[in-house]
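In: Need coordinates for the below:
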Amino acid sequence: MCLAVPGRVLDIEERDGTRMARVDFGGVVKEVCLEYLPDLQVGEYAIVHVGFALQRLDEESAKKTLELFATLGLLQEEFGDPWEPVAQADGSPLPAAGIDTPQEAK
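Out: Next up, the predicted model:
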């Protein structure tokens, strides 16, 4: 599922002529394009979908939405490890970062 998730702008920079920001989604930080909201500032909230900030959002609404998404498990679904459900389904542990799986070690 691809959600439009509210996030808070941490910092902004221009990269190759494109306004980009680091955005905090309730503890998960991602890079986001700000071209659709060129006047968005650090500290403001925006609704983000597939890496693009689409609409400014007030802080209260953003926090309520993030809390609801977290309660429903939607943040984990959106930002979590995509292999986690597979590992849980068959009882396998997730490979640790930096450790080769048996197939990679061959």
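In: And the lengthiest strand in the chain, what does it pack against?
Out: As assigned by DSSP state E, the longest strand anywhere in the chain is strand 5-15. Strand 5-15 sits against strand 18-25, strand 28-33, strand 45-49, strand 52-57, helix 59-72, with contacts defined as 3 or more CB pairs under 8 Å, 6 or more residues apart in numbering; DSSP states H and E. The way it works is simple: take the backbone N, C-alpha and C, and place the C-beta from them, glycine included.
In: who does the first one pair up with?
Out: Take DSSP bridges as the rule and strand 18-25 pairs in its sheet with strand 5-15 (antiparallel), strand 28-33 (antiparallel).
In: Can you redo the ones you listed as CSV, where the extra columns are mean pLDDT?
Out: CSV is the format used below for those (pLDDT from 0 to 100):
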stretch, mean pLDDT
strand 5-15, 95
strand 28-33, 93
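In: where in this structure is pLDDT low?
Out: Applying pLDDT under 70 to the chain flags the ranges 1-2, 75-106.
In: most neighbours per residue, which of the helices and strands packed on strand 5-15?
Out: strand 45-49 (a mean of 21; mean count of other CB atoms under 10 Å).
In: Which other helices and strands does that one contact?
Out: By 3+ CB pairs under 8 Å, 6+ apart, strand 45-49 packs against strand 5-15, strand 18-25, strand 28-33, strand 52-57, helix 59-72.
In: so which of those gets nearest G43?
Out: Closest approach to G43 among the helices and strands packed on strand 45-49 (CB to CB): strand 5-15, 6.4 Å.
In: could you dump the helices and strands packed on strand 5-15 to CSV with distance to A4?
Out: Output for those, formatted as CSV (distance: least, CB to CB, whole Å):
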stretch, distance to A4
strand 18-25, 11
strand 28-33, 12
strand 45-49, 4
strand 52-57, 7
helix 59-72, 10
